[in-house]
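> take this sequence and fold it.
(2 chains)
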Protein chains: 2
Amino acid sequence: MDEESGDFTEDDYNIPSIKYEYLDHTADVQLHAWGNSMKEAFEQCGMAMFGYMTDLAYVEIKEVHTIEANADDMMGLLYHFLDELLYLFSVEPYLICKKVVITEFNTEEFKIVCKCYGEEFQIGKHPQGTEVKAITYSAMQIVDEPKDNKYEVFVIIDI
Amino acid sequence: MDEESGDFTEDDYNIPSIKYEYLDHTADVQLHAWGNSMKEAFEQCGMAMFGYMTDLAYVEIKEVHTIEANADDMMGLLYHFLDELLYLFSVEPYLICKKVVITEFNTEEFKIVCKCYGEEFQIGKHPQGTEVKAITYSAMQIVDEPKDNKYEVFVIIDI
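The predicted structure follows:
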C-alpha cells in the first residue's frame, strides 16, 4: 500500500455515478433463559422475546390470554410455544406479554398451556424495540440437568 | 386462544425476576453493484462498502492510496479486493474512500491494482454508519455476460 500526496487533477475529483444498492438485511439475536425448572426456563424465554420487542417496564397487565402449543419433541415444543406467543402479538389482540405462566407443562406428550398477561401494544405508550420476524431452530439448545438444578434454553430469533 | 377479562388477583400482577439475557447479535447486508465492465462493477462494489460505513457526501478527496489484491479465481479476487479496501479503513490511514479506480484489472492472473481516493475517517465530520466486520464468500455471485452488457457482483458483508 503506497501513499501518494499532492497534486490531484480535476479528474481525480470526479465522482462516478452510483451503480450499487443494499439488499437483504438480515439479523438475529440469541435468547438465553434459565430457571429452577424447565417450565420456568420456557416462561423466561417467552418473556425474553417480548422484552426484546419493547421495554416491559411500560407494559401493564390488563388482559390475559391463553395459548396452547403441541409438538413431537422438546425442541419442537419450545419452538411452537414461542411461535404461539409471537402470534398473540402479530395479530389481534396485538398482545405484549409482561408475564407468561405455564399452567400445563407436559413433557411426555409435549404440550403446553400458558396464560399470557399483558396489554395491547400501543405506539407512544410502549417503546418500539425490534421486530421479531421468526423463531428458528438454529443452534437451539435445551439444557436439562436436574441434579445440578440447571435448566436453560437457547433460541435464536430472526429480527 | 381464549380471552379472559376481568378480575385479577394480586398474584396475577406479580412479575417474575428476570432470568434471561440476549447474546450474539449478528447481521449482514448484501452489496449489489454493477457496471459497463467487470472492472466498473468491482469499483462500484468497493464504493458501496464505504457508502455503508458513512455518508460519502461528507467525504472529501484529500489523499490517494494504492492497494493490490491477488487471488486464484475471480471470487477470490473480489473477496481480497474488498478485504484490502476494508484494511485501509481498519488501520492507518483509516481511509474512507469516496472513489476507487482500478488501474490494473487482470482477470487471467487474477490481480488488481487500485487507486483509493478519500480521507481519514473523522468522527464529527463523517456520520457513523455501520461497522463492516468482514467480507464473506457467502452466496457471492459474479455475473459476467458481455453480450448483454451485464456485469454485476453480489457480496454479503458481516456488519
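> residue contacts, the residue most central in space within chain A?
Centroid-nearest residue in chain A: residue A:49, 3.7 Å away (criterion: CA atoms, centre = their mean). Residue A:49 makes contact with A:31, A:82, A:85-86, A:132, A:157, according to CB atoms under 8 Å, 6 or more residues apart in numbering or on different chains. Backbone N, C-alpha and C define where each C-beta goes, glycine included.
> got the residue ranges for the strands in chain A?
Applying DSSP state E to chain A gives strands spanning A:2-4, A:20-35, A:63-70, A:95-106, A:111-120, A:134-135, A:141-145, A:150-158.
> may I have stretch A:20-37 as PDB, with CA atoms only?
In PDB, the C-alpha atoms belonging to stretch A:20-37 read as follows (Å, rounded to 0.1, in the frame of the first residue of the first chain):
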ATOM      1  CA  TYR A  20     -25.000  -0.100  -6.300                       C
ATOM      2  CA  GLU A  21     -27.700  -0.900  -3.800                       C
ATOM      3  CA  TYR A  22     -28.000  -2.700  -0.500                       C
ATOM      4  CA  LEU A  23     -30.100  -5.800  -0.300                       C
ATOM      5  CA  ASP A  24     -31.400  -8.300   2.200                       C
ATOM      6  CA  HIS A  25     -30.500  -7.100   5.600                       C
ATOM      7  CA  THR A  26     -30.800 -10.000   8.000                       C
ATOM      8  CA  ALA A  27     -30.100 -10.200  11.600                       C
ATOM      9  CA  ASP A  28     -30.700 -12.400  14.600                       C
ATOM     10  CA  VAL A  29     -30.300 -12.500  18.300                       C
ATOM     11  CA  GLN A  30     -30.000 -15.400  20.700                       C
ATOM     12  CA  LEU A  31     -32.200 -15.600  23.700                       C
ATOM     13  CA  HIS A  32     -30.800 -17.300  26.700                       C
ATOM     14  CA  ALA A  33     -33.200 -18.100  29.500                       C
ATOM     15  CA  TRP A  34     -33.000 -20.200  32.700                       C
ATOM     16  CA  GLY A  35     -34.900 -21.200  35.700                       C
ATOM     17  CA  ASN A  36     -35.300 -23.600  38.600                       C
ATOM     18  CA  SER A  37     -37.300 -25.900  36.400                       C
END
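> residue A:126: neighbour count?
19 (other CB atoms under 10 Å in any protein chain shown).
> run through the bridge partners of it.
residue A:123 (DSSP bridges).
> need the per-residue pLDDT for residue A:148.
We have a pLDDT of 84 for residue A:148.
> distance of it relative to residue A:132?
To residue A:132, residue A:148 is 31 Å away according to CB to CB, to the nearest Å.
> looking at the two, which one has more neighbours?
Legend: neighbour count by other CB under 10 Å for residue A:148 and residue A:132, higher for residue A:132 (21 against 7).
> list the contacts for that one?
Contacts of residue A:132 (CB under 8 Å, 6+ apart): A:49, A:52-53, A:86, A:89, A:157-159.
> contacting residues around the nearest residue to it once chain neighbours are set aside?
Distances taken as CB to CB, 6 or more residues apart in numbering or on different chains put residue A:157 closest to residue A:132, at 5.3 Å, once the chain neighbours are dropped. Going by CB under 8 Å, 6+ apart, residue A:157 touches A:28-31, A:49, A:52, A:82, A:132-136.
> buried sites along stretch A:22-40?
A:28-35, A:38-40 (16 or more other CB atoms under 10 Å in any protein chain shown).
> could you give the bridge partners of the residue nearest to residue A:132?
Beta bridges link residue A:157 to residue A:29, residue A:135 when assigned by DSSP bridges.
> cool, residue A:142 as well?
residue A:153.
> quick one: contacts for it?
By CB under 8 Å, 6+ apart, the contact list for residue A:142 reads A:38, A:74-75, A:78, A:152-154.
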